[in-house]
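In: Sequence and predicted structure below; questions after.
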Amino acid sequence: MIPDSHPRSRSLKTRHALIDGVKNDIVAESGLIAHGRGEAFDYLLGEKTHVFALNAIKAAAALLKTANHPVISVNGNTTILCGKEMVEFSNVSGIPLEINLFYRRPERYRAIYSYLSNLGGKHILGADETKFTELPNLESFRRVVDARGILIADVVMVPLEDGDRTEALVKLGKKVITVDLNPLSRTALASDITIVDNIQRVFPLLQKFFFEMDNETAHEILENYDNSFIIKEALETISSAWKVDLNEKFEEIRKQKGMT
Ligand code: ATP
Ligand code: MG
């Protein structure tokens, strides 16, 4: 039991939800390690959505809006971290969610399918064996995709993705949107739109922009969008996190502990 009064209670609850996800076959064990890497960057970002992330989310909304065949790729971590929000966005936008796993086992994609269905998900791909096919240029299990989804998609949103598959999708001529707290990961650098933010904060904003935006605005946003500028801003923000006033920080901690 984690008390709400604990200063890191949200983060601790998330960790426990992911651990339960491992027990229920939804999250891969290495997903816990990937989460830890993400958490470290989120700490340095002050655990908030910065302007560069907001601008990338707006561009993502614009690209999804103007796509012919958009798809959102889902894995175990994203299911636990923001399953409810993804299902809501998918249901109201009609954009399908496709289960796509690096550590692929039938128990896992079935468990994720049940979890998302129980949340009310209406457009979930990647769990019907009769629709499985393969991407040509990828060795990992993530090459297995749904013939109705990623295979024919022109825009793929791949949050918390591995670099190899991002590069494979780009090479196939697809436009790629990612959410990745590490602005220097291969995925962040290879994507067309990189949202450097915690996935737990992204979908409600994406949904808001998606429905507020008309097509003309969407085209305008995409014309003016520069992903390398966004990544640079994210890096600068993370770098400036180290330039804290240490005396102020010590004082803060002393006060929290009732030491002064
Ligand atoms: P790459 O393969 O792209 O070079 P990597 O090998 O460092 O990246 P992976 O484990 O392949 O990392 O991908 C997981 C990525 O997801 C990491 O970059 C991590 O920072 C990011 N990540 C983890 N948790 C979150 C989260 N909650 N929100 C956004 N990003 C996250
Ligand atoms: Mg990787």
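Out: Right, received. Where do you want to start? Ligands and ions are numbered 1, 2, ... in the order given.
In: residues contacting the residue of the stretch 101-250 of the chain at minimum distance from ligand 2?
Out: Using Cβ to the ion, the single residue of the stretch 101-250 of the chain nearest to ligand 2 is D162, 4.0 Å away. Backbone N, C-alpha and C define where each C-beta goes, glycine included. Contacts for D162 (Cβ atoms under 8 Å, 6 or more residues apart in numbering) come out as 102, 140, 142, 187.
In: Sort out for me which of these are in helices.
Out: T187 (DSSP state H).
In: Show me how to select, in PyMOL, the buried members of the contacts of D162.
Out: Here is the PyMOL selection string for the buried members of the contacts of D162, based on 16 or more other Cβ atoms under 10 Å:
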select buried, resi 102+142+187
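In: now, which of the contacts of D162 lie close to ligand 1?
Out: With the criterion set as Cβ under 6 Å from any ligand atom, the members of the contacts of D162 near ligand 1 are T187.
In: quick one: which two of the contacts of D162 are the most distant?
Out: S140 and T187 (13.5 Å; Cβ to Cβ).
In: Okay, the residue of the stretch 101-250 of the chain closest to ligand 2 and ligand 1: tell me how far apart.
Out: Remark: distance between D162 and ligand 1 (Cβ to the nearest ligand atom, to the nearest Å) = 4 Å.
In: mind checking pLDDT for that residue?
Out: pLDDT, D162: 86.
In: any idea which element the residue in the stretch 1-150 of the chain positioned nearest to ligand 2 lies in?
Out: Using Cβ to the ion, the closest approach of the stretch 1-150 of the chain to ligand 2 is made by A34 at 8.1 Å. Element membership for A34 (DSSP states H and E) is helix 29-44.
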